[in-house]
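S.K.: Output the structure for:
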Amino acid sequence: MSSSTPVDHAITRHLLGEPLLHFLLLGALLFALDWSLQDTQPQAEDELRAVVIDDTLRAELRERFRTSTGRAPLSAELEQMVEGWLQQEILYREGLSLGLHRSDAVIRDRLSTLVRGLTLSRAQVEAPSEAELREYFEQHRDRYRRPRRYSLEHVLVGTADEHNRAEARRLL
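M.R.: Sure thing, here's the model as predicted:
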């Protein structure tokens, strides 16, 4: 035998109108949804983490070797380069998963330097013509004007005799 009183209805209506309760229910719903989707994520992450060594990579490594040595690599040298690249790629990905790219200032500086270099290398700026250079120079001539220079020389001449006094007058 359960009977509800008007006070119980008022409390229930008050609780259902509370934003905190709405927030908690929505959070619980999102948590449950995330938990149910976690079964499919590891497979997708494994696919993203796969390291692919294909003909394109081998061609790039061959070209690097040829550029640095002036000859094509032997098959053993190429395999050694592939192995080195693979180890470096694994360490790189592990560093990313640890968040080192976000927390290490040296890595952040290096990445920003690389991106800046890529940006500058892609920017194609035409060299100005002789006429454009002259026009710019004429408009900004005062920037290229050197201040006057003075040279001083200190000469001591004794004035004890007439010959020294004549020499002092001549130097002035």
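
S.K.: what's the span of stretch 155-172, first residue to last?
M.R.: 10 Å (C-alpha to C-alpha, to the nearest Å).

S.K.: Let me see the ranges of the strands in this protein.
M.R.: In the chain, no segments count as strands under DSSP state E.

S.K.: Quick check, central residue of it?
M.R.: Nearest residue to the geometric centre of the chain (C-alpha atoms, centre = their mean): Ser112, 1.1 Å.

S.K.: Name the nearest residue to Leu111, sequence neighbours excluded.
M.R.: If the residues on either side of it in the chain are set aside, Leu111 comes closest to His101, at 6.6 Å by C-beta to C-beta, 6 or more residues apart in numbering. C-betas here are computed from N, CA, C, even on glycine.

S.K.: circling back: how far away is the residue nearest to the centre of the chain from Val106?
M.R.: From Ser112 across to Val106, the span is 11 Å (C-beta to C-beta, to the nearest Å).

S.K.: looking at the chain, which helix or strand is least sure?
M.R.: helix 41-49 (a mean of 54; mean pLDDT, DSSP states H and E).

S.K.: just checking, what packs against the longest helix along the chain?
M.R.: For the chain, the helix with the greatest residue count under DSSP state H is helix 75-97. If you count contacts as 3 or more C-beta pairs under 8 Å, 6 or more residues apart in numbering; DSSP states H and E, helix 75-97 packs onto helix 55-69.

S.K.: Now the helix it packs on: buried residues?
M.R.: Residues of helix 55-69 classed as buried: Leu57, Arg58, Leu61, Phe65 (neighbour count, 16 or more other C-beta atoms under 10 Å).

S.K.: Which residue is the nearest non-sequential neighbour of Glu89?
M.R.: Val51 (5.6 Å).

S.K.: and that neighbour, what does it touch?
M.R.: With contacts defined as C-beta atoms under 8 Å, 6 or more residues apart in numbering, Val51 is in contact with Leu86, Glu89, Ile90, Arg93.

S.K.: Rebuild those as TSV, extending it with pLDDT, neighbour count and distance to Ser129.
M.R.: Formatted as TSV, the contacts of Val51 follow (pLDDT from 0 to 100; neighbours: other C-beta atoms under 10 Å; distance: C-beta to C-beta, whole Å):
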residue	pLDDT	neighbour count	distance to Ser129
Leu86	90	13	50
Glu89	88	14	47
Ile90	86	12	51
Arg93	84	13	49
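
S.K.: and of the residues you listed, the nearest to Tyr150?
M.R.: Closest to Tyr150 out of these is Glu89 (65.0 Å), distances taken as C-beta to C-beta.
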